[in-house]
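[1] Okay, predicted coordinates and the sequence, questions at the end:
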Amino acid sequence: MKVLAASSAHLLAALRIVAALLFIEAGVFHLFHWPASPMPAPPPQMATLLFVAGLLEFVGGMLLIIGLFTRPTAFILSGMMAIAYWGFHTPMGLWPVTNMGVAAILYCFIFLYLAASGPGAWAVDNLKRREPEEHALRRARVDP
């Protein structure tokens, strides 16, 4: 377990990067309608809302991948996913597995955690500090 604790800054960075990559995929889908979905298209009244969501997903995901403005970006995206769940998934049913809201809940709490914890290792945000990698690693150290 000490090995995992010592790697926590790098594991946090891996979580940030993988979540951002998947979030960018959602943004690409909303912005460019690619890849094609087997699900029916949303009503035309949602076009503007989905475009804004796609922009937030794409731009926010890019910022998270490089670890730039991680805390405010993650906070905004967390709120966006909370609104997505309560505003769009919950009306389709109570349970996340039946209203297709599992991903929205997971994104909401992953981004909320990133907003609280910061980017971890491998982030542009760390360049503002004197010892970029060392700062993230120092926080992760566990005393015996």
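    Looks like it arrived, so ask away. If you're wondering where the values come from, they're calculated on a predicted model, not measured in any experiment. Numbers count the residues shown, from 1 in each chain.
[2] By mean pLDDT, which helix or strand of the protein comes out lowest?
    Here the helix or strand of the chain ranked lowest by mean pLDDT, DSSP states H and E is helix 132-140, holding a mean of 56.
[3] Quick check: mean pLDDT of the helix or strand where residue 78 lies?
    Per DSSP states H and E: residue 78 is located in helix 70-84. Helix 70-84 shows a mean pLDDT of 98.
[4] what ranges do the helices span in this protein?
    With DSSP state H as the criterion, the chain has helices at 2-6, 8-32, 47-66, 70-84, 96-99, 102-117, 132-140.
[5] which one of the ones you listed has the lowest average pLDDT?
    In terms of mean pLDDT, the lowest-scoring of the helices of the chain is helix 132-140 (a mean of 56).
[6] residues in contact with the residue lying closest to residue 84 once chain neighbours are set aside?
    Of all residues not flanking residue 84 in the chain, residue 104 sits nearest, at 4.8 Å (Cβ to Cβ, 6 or more residues apart in numbering). C-betas here are computed from N, CA, C, even on glycine. By Cβ atoms under 8 Å, 6 or more residues apart in numbering, the residues touching residue 104 are 81, 84, 85, 89, 96.
[7] Please name the nearest non-neighbouring residue to the fourth one.
    Counting by Cβ to Cβ, 6+ apart, residue 101 is the residue found nearest to residue 89 once chain neighbours are left out, at 3.2 Å.
[8] and the one you found, how many neighbours?
    By other Cβ atoms under 10 Å, 21 other residues sit near residue 101.
[9] What values do phi and psi take at it?
    Backbone geometry at residue 101, expressed as degrees, to the nearest 10, gives phi -110, psi 10.
[10] right, and it touches residue 86 too?
    No. Residue 101 is not in contact with residue 86 according to Cβ atoms under 8 Å; the separation is 9.0 Å.
[11] List the contacts of residue 31.
    By Cβ under 8 Å, 6+ apart, the residues touching residue 31 are 51, 54, 55, 58.
[12] Disregarding residues adjacent in the polypeptide, which is nearest to the second one?
    Setting aside the residues directly before and after it, residue 54 is nearest to residue 30 in space (Cβ to Cβ, 6+ apart), at 3.0 Å.
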